[in-house]
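Could you work out the structure for the sequence below:
(2 chains)
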Amino acid sequence: MIEVKDICKSFEDKEVLKNISATFEKGKTNLIIGQSGSGKTVFIKTLVGLLRPDSGQILYDRRDLTRMKLKELKLLRREMGMLFQGSALFDSMTVMENVTFPLLMFTRDSRKEREKRGQFCLERVNLTGAESLYPGEISGGMMKRVAIARAIALNPKYLFCDEPNSGLDPKTSLLIDDLIHDITKEYNITTVINTHDMNSVMNIGEQIIFIADGEKAWEGNKDEIMSSNNTRLNDFVFASDLFKKVKEVENWVNEEG
Amino acid sequence: MIEALRKFGRYIILMLRTLTVPERWSVFFRQTLTEIYKLGVDSLWIVIFISVFIGAVLTIQVSLNIQSPMIPSFTVGYITRETILLEFSSTIMSLILAGKVGSNIASELGTMRVTEQIDALEIMGVNSANYLILPKIAAFVVFIPVLVIFSMFFGVCGGYLIAFATDMITVAKYEYGIQYWFQPYYIGYSIVKSMSFAFIIASVSSFYGYYVKGGALQVGKASTDSVVMCSVLILVFDLVITHLMLAK
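Numbers count the residues shown, from 1 in each chain, chains lettered A, B, ... in the order given. So this is what the prediction gives:
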């Protein structure tokens, strides 16, 4: 479980995160949603320790990340897996080398053992036969799956995904969402996903935090999001015609009794 | 001035993170070998090409400028050798390599930064500075003496070609000149100098690449800035090291 308490973060005079508190539970897909520029990426980067918060606490199973020394932070990071917006695969390595890289750095496993584990992770993300290809030779969706395989190679306790569907078509987006959701359940991981994709929200949003202008503006789940009266949330959720229609149909059904 | 001090502080912090014990020696050695090939062996052809031509041009220019009955003609070989050994193969070659190797390092690390590959390493708990930069510094510092020796040899060979192909100086006199009053210390001085320059090129260009913010435009700018800064520092340290090692 990850607990965030009153996190603030500013860049020079600009306050990007304003007293955000939240709890991300184990075995659930926790979503952070908000418009571009609302502070989502800064929030997730602060959460994983790539940025230091100005104030507040970030507790990983009661271990405070903000008070950790570099050595402790490095150890904690070995319990984390992260899927970046652009996948962040290492260009100079093959798919298999990318997936087994964390094992190479942090375990004493032999090459054979590493490859066995790498093969298992690639099979888990339904990506076999691409082991010897380089990131430049595979599609965006495959890159995301390789990045997920790499993120789970060390059996992480915490999984972070920054815009996992960006640049993907709706069908591949659903596949990636389902994969993240299944892995979360299977390994009982605390998963935090940063997204502005409403399809993802409706598909896997077990717990949702809505950030607007650096503040937590709403919290709930995918069943509550459609019926919320929060104006800022509604502006975000019903920005697309599709969801406006869904809302109209829902209202009509409610009126009809 | 404050900005320059801040930059210097960040460079020192980066070097403190870089110059630590590698997490896995086997990975470090493998990376270093790859970098030796990429930064060093790949630069060999340009070093040989430039050295032959500069050696040849130097011989022609010296021979044209010292046509005097008061100066023995073997002086052409002597001056060519001294110029190549003392300044060309170390300083001028390092300035050229700052363009080739420095821009390569800065753009590689810059691209890794903007595509979040460096963040990915950090999230895994890897000291990204140590993992990425230390092999580059080690490889270039270790391999540059080889480049310098090649440059010296082929520079002198360039002059030999002129002696052989033209009648500006006889081969015998050129050979005598390049052996005349030879001081092995100058080779050591040149190698020490070039190793310092190699450290400057690898570390400064890594610094510019590692801290890139933005996109492709900023990566290009970092690459250019690193070459400019490396060139300035090479010239400043050339003066300092020469004063320390040669001035009496």
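
now the helix or strand where residue B:199 lies, how far from the centre of its chain.
When secondary structure is defined by DSSP states H and E, residue B:199 falls within helix B:185-210. Averaging C-alpha positions (C-alpha atoms, centre = their mean, to the nearest Å) puts helix B:185-210 6 Å from its chain's average.

Not counting its neighbours along the chain, what's nearest the residue most central in space within chain B?
Geometric centre of chain B, nearest residue: residue B:94, 2.8 Å, by C-alpha atoms, centre = their mean. Across the structure, with C-beta to C-beta, 6 or more residues apart in numbering or on different chains as the measure, the residue nearest residue B:94 apart from its sequence neighbours is residue B:197 (3.8 Å). Every residue, glycine included, has its C-beta placed from N, CA and C.

Confirm for me that the one you found is in contact with residue B:96.
No: the criterion here is C-beta atoms under 8 Å, and residue B:197 misses it with residue B:96 at 10.9 Å.

So if I had to pick from the two, which one is more boxed in?
With neighbours defined as other C-beta atoms under 10 Å in any protein chain shown, residue B:197 and residue B:96 compare such that residue B:197 has more, 28 against 17.

What's the separation between that one and residue B:40?
Distance check for residue B:197 against residue B:40: by C-beta to C-beta, to the nearest Å, it reads 14 Å.

shared neighbours, those two?
Listed as contacting both residue B:197 and residue B:40 by C-beta atoms under 8 Å, 6 or more residues apart in numbering or on different chains are residue B:144.

and the helix or strand containing residue A:249, what does it pack onto?
Residue A:249 is part of helix A:241-256, with elements assigned from DSSP H and E. The contact analysis (3 or more C-beta pairs under 8 Å, 6 or more residues apart in numbering or on different chains; DSSP states H and E) places helix A:241-256 against no helix or strand.

Give me the contacts around it.
Outside of helix A:241-256, the residues that reach it under the criterion C-beta under 8 Å, 6+ apart are A:198, A:226, A:227, A:237, A:238.

how near is the first one to residue A:158?
In this view, residue A:198 and residue A:158 are 25 Å apart by C-beta to C-beta.

what are the ranges of the strands in chain A?
Taking DSSP state E to define them, one finds strands in chain A at A:2-11, A:14-24, A:29-33, A:55-60, A:63-64, A:80-83, A:158-162, A:190-195, A:207-212, A:215-220.

and chain B, which of these is closest to it?
The closest of the strands of chain A to chain B is strand A:80-83. By C-beta to the nearest C-beta, the value is 4.5 Å.

Strand partners (parallel or antiparallel) of the closest one?
Here strand A:80-83 is paired, per DSSP bridges, with strand A:158-162 (parallel).

How far away from the center of its chain is the strand it pairs with?
Centroid separation for strand A:158-162 versus its chain: 4 Å, with C-alpha atoms, centre = their mean.

angle of it against strand A:2-11?
Between the direction of strand A:158-162 and that of strand A:2-11, the angle (axes from the mean of the first three to the mean of the last three C-alpha atoms, to 10 degrees) works out to 40 degrees.

Output strand A:158-162 in CSV, but only the C-alpha positions, please.
Listed next in CSV are the C-alpha coordinates belonging to strand A:158-162 (Å, rounded to 0.1, in the frame of the first residue of the first chain):
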residue,chain,number,x,y,z
TYR,A,158,4.6,-1.6,-6.8
LEU,A,159,3.9,-0.9,-10.5
PHE,A,160,3.7,2.6,-11.9
CYS,A,161,2.4,3.4,-15.4
ASP,A,162,2.7,6.8,-17.0
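
How about residues contacting the lowest-mean-pLDDT helix or strand in chain B?
Between all helices and strands in chain B, the lowest mean by mean pLDDT, DSSP states H and E belongs to helix B:117-124, at a mean of 91. Under the criterion C-beta under 8 Å, 6+ apart, residues A:45, A:48, A:50, A:77-78, A:80-82, A:84, A:88-91, A:101-102, A:105-106, A:160, B:109, B:112, B:128, B:131-132, B:210 lie in contact with helix B:117-124.

Just the residues you listed: which are in helices?
A:45, A:77, A:101, A:102, A:105, A:106, B:109, B:112, B:128, B:131, B:132, B:210 (DSSP state H).

Quick one: residues contacting residue B:234.
With C-beta under 8 Å, 6+ apart as the criterion, the residues that contact residue B:234 are B:91, B:94, B:95, B:98, B:197, B:200, B:201.

my bad, residue A:44
Counting by C-beta under 8 Å, 6+ apart, residue A:44 touches A:32, A:160, A:162, A:192, A:194.

re the thing from before, of all pairs in the contacts of helix A:241-256, which one spans the longest distance?
A:198 and A:227 (14.9 Å; C-beta to C-beta).
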